[in-house]
Each structure stands twice: as structure tokens, then as C-alpha cells.
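>>> Based on what follows, work out the 3D shape:
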Amino acid sequence: MTEIHIVGTAHVSQKSIDEVREKVEAADPDVIAIELDPGRFAALKQQMKEAQDQESGAAPSEEEKTQAPEVKSLLKGNFTLMIVQWILAYVQRKIGMNVGIEPGAEMKEAIKIAEEKNIRLLLIDRNINITLARFWGNMKLLEKIKLVWILIRSIAGTDEESEGIDAEMVDSLTNPDMIELALAEFQKFSPTGANALITERDAYLAHGIIGLEHSSFERAVVVVGAGHLPGITKFRENPETLPSMKSLNEMPKKYPWGKIIGSVFIAMFAVIILAIAFSGATDLLIWAIIYWVVLNGLFAGAATLLVRGHPLSAATAAGLAWMTSLNPFLACGWFAAIVEARMRPPGPGDFKAIAKAESISEMFSVPLFKILLVAAAANIGSTIATFAFFIFLTPLLGVDLEMMTEILTTGFANLWAFLTGWI
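I've put the predicted structure just below:
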């Protein structure tokens with residue numbers, strides 16, 4: 001059996017960095033396991049290399065020069081989740097800057113020690129893309145809305161509020177009582193999100209540690225976030241409760257709820273327009289169509305301008321929103337984002353610029369961030385307009401509910417008579 005030594009860390013704490021080095025010095029392990037997946041490990045290694053190059057004044061090699069991101073390929077994915085991920089990283093980075101510690105510094109320390117002492121390094125965390133897909137895919141709509149709202153509030157207050165966070169407060173995040181309290185609060189906020197982000201990863205990390213226990217290594221130091229320690233301990237003590245690795249690595253099934261709901265609204269719109277047309281209320285028909293076009297254009301265009309999109313991007317969203325709202329397979333945000341990319345082309349350094357942004361205004365100045373934000377904002381604006389149209393249709397048309405019911409009833413009767421007579 002391998003002797004296991006676990007270090008529970010806060011990801012922006014100098015104390016955690018010191019504890020990692022002290023634990024390795026004391027245990028003298030022949031393997032170090034860290035809470036990283038290959039993607040995040042490669043990103044941290046790249047950051048470490050860039051820091052070394054900056055210190056030495058070395059220029060980046062041709063291999064390290066990246067191409068500008070392909071906007072159309074990004075729009076095909078879940079760009080809303082990408083924005084949420086960037087903002088979460090920004091909030092963590094802002095806290096780290098306040099205490100003078102870069103997020104992930106304790107993992108970098110573990111990597112550095114392993115390289116210095118020629119110790120085997122193991123990556124025991126789940127692929128970040130699977131974790132985020134399961135986190136976002138399993139959350140309920142209301143939980144997603146709450147999360148986005150909390151992020152908006154945290155962005156607005158990060159600069160002021162993070163100033164009140166000191167190193168002692170961050171170090172307290174490794175305190176078991178504080179961890180239990182934080183996990184309990186997250187469970188209340190989003191049970192399904194907490195399951196993917198915490199419980200499932202506890203199980204995945206426990207699988208790695210249990211496997212390490214039965215390996216040929218003599219001693220191992222495991223570096224994980226302190227928030228995972230309670231779950232890992234429970235799974236190690238009760239291995240029969242561990243879910244299978246296959247189930248933990250499954251991507252969530254995608255149900256096209258957006259397209260289904262969109263199709264329902266389109267059908268409702270078509271039925272209402274047809275009923276008004278067959279009722280003979282031509283003036284109401286014209287005004288209903290005008291309100292549809294104006295509401296969609298107004299909300300989509302305003303939302304685009306609200307996130308500081310280019311005026312032409314806003315005009316594109318405003319001009320196409322009424323039409324894309326009638327097609328669940330199209331979104332005005334896609335077209336607005338493409339125009340935004342033409343007006344403010346993304347550069348090869350945009351991903352790094354987003355990762356290093358020290359303020360939200362800095363993030364907004366990065367073309368790639370702005371492009372995806374424009375896409376999301378225009379789509380949200382158009383969606384709000386669609387709901388507003390159906391909710392406020394009667395007062396917008398200047399008729400009461402009884403009159404609207406009479407118009408629709410007459411229209412349906414005339415439509416049915418037309419169809420049966422035509423058949």
C-alpha cells in the first residue's frame with residue numbers, strides 16, 4: 001500500500017503554497033498527484049514558461065505564436081458557458097491579486113517541486129470540459145439565471161469588495177468549518193450544479209487516490225482544493241459508494257428545449273396572426289406585426305448596445321431579431337457577433353488578454369470577449385422581446401381581454417370554415 005499524504009489548499013493562498021512545499025519536504029514522496037487535468041496543466045505550464053521568458057527577456061518561439069480565434073467555430077459551441085467561465089476565473093483572479101497570489105499558484109509550486117526533485121507527477125482531476133458541460137447542462141433554468149445574476153453583481157462589486165479580502169480571510173477557506181458552511185450554501189443555491197462541480201469531482205479525485213494507494217509507489221503527496229477533502233474522505237472510507245468512472249466521464253445528454261420552446265412560441269405567433277387576419281381586424285393585424293418587429297428590434301439592439309457592442313452590430317441585431325425569433329434554428333446574436341468580429345477583429349492574443357485582465361473594463365476591451373458577449377446579449381434581448389409580445393399583446397393593441405377573445409374566436413371559426421371548405 002502506498003503511503004498517502006493529502007494537502008488541502010485554498011487556490012489563492014500563500015499559506016497553501018508553503019504547506020505544499022513543507023509536506024513534500026517532510027514526506028519525501030516518489031510521486032506527487034495534483035488536482036489538474038491535462039488541459040489546465042498545459043495552461044499552467046504555459047503561464048510558467050511565459051513568466052520565465054519575461055524574466056529572461058526571451059522572445060516567444062514561432063510554435064508559441066497562436067492564430068486569431070475562429071469566431072464562427074466558437075459560436076457553434078456554448079458561448080454563454082464560456083463567458084460564465086471567464087467571469088468566474090476573473091472573480092477568483094481578482095481575489096488572488098488582492099492577497100498577492102496568482103490563482104493556481106499552489107499547483108504551480110507542486111509542479112515546480114516535482115521538476116526540481118525529479119518526482120513523478122500525476123494529474124488526477126476530470127477533464128474541465130466534461131465538468132463544465134455537466135455543471136451547466138444539469139443546472140435548472142432558474143439556477144442558471146441566479147448564477148448569471150450573482151456573477152453580474154460580483155463583477156459590479158469585485159473591485160470594491162475584494163479590497164476587504166485579506167490573506168487571513170483566504171487562509172480561513174481551508175478551515176473545515178468554513179468549508180462545510182460554503183459547501184452547504186452552494187448546495188442550497190444549486191443542488192445539481194454542486195453535484196457536478198463538487199460531489200462528482202470528489203468521487204473522481206477519490207478514484208485517483210484509491211488507485212494510487214494500491215500502486216507500486218512508496219509515498220505520495222496529493223494536492224487538492226480544501227473544499228474536496230470532506231467528500232474525498234467519505235468516498236475513501238466507503239469505496240462501495242463511488243460511482244463508476246464511466247458515469248463520471250459521460251457528457252450530459254442535450255435536449256433541444258430551446259428549440260422546442262421556440263417552436264411553440266412561433267406556432268402561437270402564427271396562430272394568433274392567422275386568427276386576427278381571418279377575423280377581419282386588418283388594423284389589429286398590421287399593428288400586431290409592427291409590434292413584433294419593433295419589440296424584437298428594440299430589445300435585441302438595446303441589449304447589444306448595453307454591452308458596448310458596435311452600432312452596426314446593434315443595427316444587425318435589431319434588423320434581424322424579428323425574423324430569427326420566427327426560426328428556432330437561427331439567432332440574431334450569431335449575425336450580430338459576426339458583424340462585431342468584422343468591425344473589431346479578434347487577435348491571436350485575445351485568449352491570453354482575457355485570462356490576464358485585471359478589471360472588468362479590461363475584459364470588455366478585448367475583442368473576443370466583446371464578440372461573444374454581443375452574441376449572448378442580442379439573443380437574450382430577442383428572447384425577452386418574444387415573451388413581452390405575448391404578455392403585453394392585448395394592451396399594446398389597445399383592446400381588452402374580452403374583445404381580444406372575441407376577435408380570436410371569430411378568427412378561428414372563419415379559419416376552420418375556410419380549411420374545411422377548401423378540403
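>>> Where do the strands of this protein begin and end?
Secondary structure of the chain (DSSP state E): strands at 3-9, 31-34, 120-123, 219-225.
>>> Can I get those strands in JSON lines including mean pLDDT and distance to G333?
Placement of C-beta: from N, CA and C, glycine included. Shown next, in JSON lines, are the strands of the chain (pLDDT from 0 to 100; distance: least, Cβ to Cβ, whole Å):
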{"stretch": "strand 3-9", "mean pLDDT": "92", "distance to G333": "39"}
{"stretch": "strand 31-34", "mean pLDDT": "96", "distance to G333": "38"}
{"stretch": "strand 120-123", "mean pLDDT": "95", "distance to G333": "36"}
{"stretch": "strand 219-225", "mean pLDDT": "93", "distance to G333": "35"}
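>>> right, and the ones you listed - which one's nearest R134?
R134 lies closest to strand 219-225 among those, at 17.7 Å (Cβ to Cβ).
>>> Kindly export the closest one (C-alpha atoms) in CSV.
Provided in CSV are the C-alpha atoms of strand 219-225 (Å, rounded to 0.1, in the frame of the first residue of the first chain):
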residue,chain,number,x,y,z
ARG,A,219,4.9,7.5,-0.7
ALA,A,220,2.6,10.0,-2.4
VAL,A,221,1.7,13.7,-1.8
VAL,A,222,-1.7,14.7,-3.1
VAL,A,223,-2.5,18.3,-3.6
VAL,A,224,-6.3,19.1,-3.9
GLY,A,225,-8.6,22.0,-3.0
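>>> about what we covered before: export the strands of the chain to JSON lines and tack on distance to A331 and mean neighbour count?
Converted to JSON lines, these look like this (distance: least, Cβ to Cβ, whole Å; neighbours: other Cβ atoms under 10 Å):
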{"stretch": "strand 3-9", "distance to A331": "41", "mean neighbour count": "19"}
{"stretch": "strand 31-34", "distance to A331": "39", "mean neighbour count": "24"}
{"stretch": "strand 120-123", "distance to A331": "37", "mean neighbour count": "14"}
{"stretch": "strand 219-225", "distance to A331": "36", "mean neighbour count": "23"}
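>>> For those strands, give me JSON lines that also has distance to P345.
Formatted as JSON lines, those follow (distance: least, Cβ to Cβ, whole Å):
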{"stretch": "strand 3-9", "distance to P345": "40"}
{"stretch": "strand 31-34", "distance to P345": "37"}
{"stretch": "strand 120-123", "distance to P345": "35"}
{"stretch": "strand 219-225", "distance to P345": "38"}
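>>> And those strands: which comes nearest H310?
For H310, the closest of the strands of the chain is strand 219-225, at 40.0 Å, according to Cβ to Cβ.
>>> relative to strand 3-9, how tilted is the closest one?
Computed by axes from the mean of the first three to the mean of the last three Cα atoms, to 10 degrees, the angle separating strand 219-225 from strand 3-9 equals 20 degrees.
>>> what separates A270 from V264, distance-wise?
Using Cβ to Cβ, to the nearest Å, A270 is found at 11 Å from V264.
>>> before we move on, what about Y291?
Counting by Cβ to Cβ, the gap from Y291 to V264 is 20 Å.
>>> quick one: low-confidence ranges for the protein?
11-13, 56-82, 84-103, 150-189, 255-258, 422-423 (pLDDT under 70).
>>> State the phi and psi torsions of D37.
phi -110, psi 170 (degrees, to the nearest 10).
>>> what sits against it?
L123, D125, R126, N127, I128 (Cβ atoms under 8 Å, 6 or more residues apart in numbering).
>>> Just among the residues you listed, which is most surrounded?
Greatest neighbour count in the contacts of D37, by other Cβ atoms under 10 Å, goes to D125: 23 neighbours.
>>> I'd like to know how far that one sits from A206.
12 Å.
>>> what does L330 give?
L330 is 44 Å from A206, by Cβ to Cβ.
>>> Settle it for me: which of these two has more neighbours?
The neighbour comparison of L330 against A206 (other Cβ under 10 Å) goes to A206, with 24 against 14.
>>> who's in contact with the nearest residue to the more buried one once chain neighbours are set aside?
Nearest non-adjacent residue to A206, counting by Cβ to Cβ, 6 or more residues apart in numbering: F235, 3.6 Å away. Contacts here follow Cβ under 8 Å, 6+ apart; on that basis F235 touches D202, A203, A206, I210, T241, L242.
>>> can you redo those residues as JSON lines with distance to L36?
Output for the contacts of F235, formatted as JSON lines (distance: Cβ to Cβ, whole Å):
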{"residue": "D202", "distance to L36": "16"}
{"residue": "A203", "distance to L36": "17"}
{"residue": "A206", "distance to L36": "16"}
{"residue": "I210", "distance to L36": "18"}
{"residue": "T241", "distance to L36": "25"}
{"residue": "L242", "distance to L36": "21"}
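>>> Nearest spatial neighbour of K112, chain-adjacent residues omitted?
K112 sits nearest to M48 (Cβ to Cβ, 6+ apart), 7.5 Å away.
>>> can you pull the contacts of the closest residue to G262 other than its chain neighbours?
Distances taken as Cβ to Cβ, 6+ apart place P328 nearest to G262, at 3.3 Å, with adjacent residues excluded. P328 sits next to G258, K259, I260, G262, S263, I266 when contact means Cβ under 8 Å, 6+ apart.
>>> List only buried entries from these.
Of the members of those, the ones counted as buried by neighbours, 16 or more other Cβ atoms under 10 Å, are G262.
>>> Nearest to E218 among the contacts of P328?
G258 (53.0 Å).
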